[in-house]
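Participant: For reference, the sequence and a predicted model appear below.
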Amino acid sequence: MTERTPTTTAAVEVRNAALRFGERTLWSGLDLDIAPGEFLAVLGPNGSGKTSLLRVLLGLQDVSDGTVTVAGRPPGRGNERVGYIPQQRAMDDGLTLRGRDLVGLGLDGHRWGLGLRGLRRRHERIENAIDAVGARRYADSPVGRLSGGEQQRLRVAQALIGEPDVLLCDEPLASLDLTHQRIVAGLIDQRRREADTAVLFVTHEINPILPYVDRVLYLVDGQFRVGTPDEVMTSQTLSELYRSRVEVIRIGGQIHIAGAQSALCEDEVHHP
Ligand SMILES: Nc1ncnc2c1ncn2[C@@H]1O[C@H](COP(=O)(O)OP(=O)(O)OP(=O)(O)O)[C@@H](O)[C@H]1O
């Protein structure tokens, strides 16, 4: 096990940050502290800058203004304390990499020392990660042959094996069936409860993760709101953000959004 020092400061700190591409401002004046163990959902229509925010936190994109730290450091720079679950995409059928090797890639960049002891520790960590996501049955299969849900469980194991303090998830439930959505969302929630990992979860559909969400960051066309789901997911707040009438309806513990504006796409299938 990696030694964990208790974190008292924010896991992610964003100060007065802006991101611009040419004339276009995706967001500006963004202040955000994400606490250890907090689950933040990042919502918004296509092109509002959700993935770009993750890219900033991964160190793949510089902010135009302001400052950002992730797990106590500037983003990127080989920060082992950050896990990333990319958008679900089917892997190439011909990919012969085995499940356990895919999971092991999540340990690259970690120091294991030389010799058998290091190898044994690495092996144990991989086995534990595979068990934690219930992927033992297909851990030795070529990943290209696995179903989307099985592949996604392995990606979760790969992201969690480094014991991250911050977990960045980019629509990890897209194209999973309801059962697998529940399983994957539950695994992510379990991690933050057991290990105080802060979670940033980009999604178009809040309902599968609603029981876990502490706060929402909702981005629309350069504007944003941050708050609890009860504060942000209201007709008034979303109408202000979209600058047109939007109805938020809560039925059976779920949130449904209806709006005149075609830009709204929370209830549509996304990224076919
Ligand atoms: N490096 C770049 N240069 C110029 N424009 C960019 C760059 N990266 C992203 N953009 C633009 O910024 C906007 C936001 O993109 P981003 O992928 O962050 O949106 P998103 O909210 O994740 O959208 P989606 O829901 O469709 O995934 C898009 O219009 C995109 O074309």
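Facilitator: Structure's in. What do you need? Just so you know, these numbers come straight off a predicted model, no measurement behind them.
Participant: residue contacts, residue 234?
Facilitator: residue 248 (CB atoms under 8 Å, 6 or more residues apart in numbering). Every C-beta, even on glycine, is put in place using the N, C-alpha and C of the backbone.
Participant: likewise residue 213?
Facilitator: When contacts are counted by CB under 8 Å, 6+ apart, residue 213 touches 39, 40, 41, 201, 206, 229.
Participant: Pull the most distant pair out of these.
Facilitator: Farthest-apart pair in these is 201 and 229; separation 12.5 Å (CB to CB).
Participant: Between those two, which contacts overlap?
Facilitator: Common neighbours of residue 201 and residue 229, using CB under 8 Å, 6+ apart, are 41, 213.
Participant: ok, then the element right after the helix or strand of the chain with the lowest mean pLDDT?
Facilitator: Every helix and strand of the chain was ranked by mean pLDDT, DSSP states H and E. The lowest is helix 115-132, at a mean of 84. Later in the chain than helix 115-132, the nearest helix or strand by DSSP states H and E is helix 148-160.
Participant: Can you spell out which helices and strands pack onto that following helix?
Facilitator: The contact analysis (3 or more CB pairs under 8 Å, 6 or more residues apart in numbering; DSSP states H and E) places helix 148-160 against strand 82-85, helix 99-104, helix 115-132, strand 166-170, helix 178-195.
Participant: and the first one, which strands flank it?
Facilitator: What it means is strand 82-85. The strands beside strand 82-85 in its sheet (DSSP bridges) come out as strand 166-170 (parallel).
Participant: give the contact list for the residue nearest the centre of the chain.
Facilitator: In the chain, the residue lying closest to the centroid (CA atoms, centre = their mean) is residue 169, at 1.5 Å. With contacts defined as CB under 8 Å, 6+ apart, residue 169 is in contact with 84, 85, 159, 188, 199, 200, 201, 202.
Participant: I'm done for today, thanks for sticking with me.
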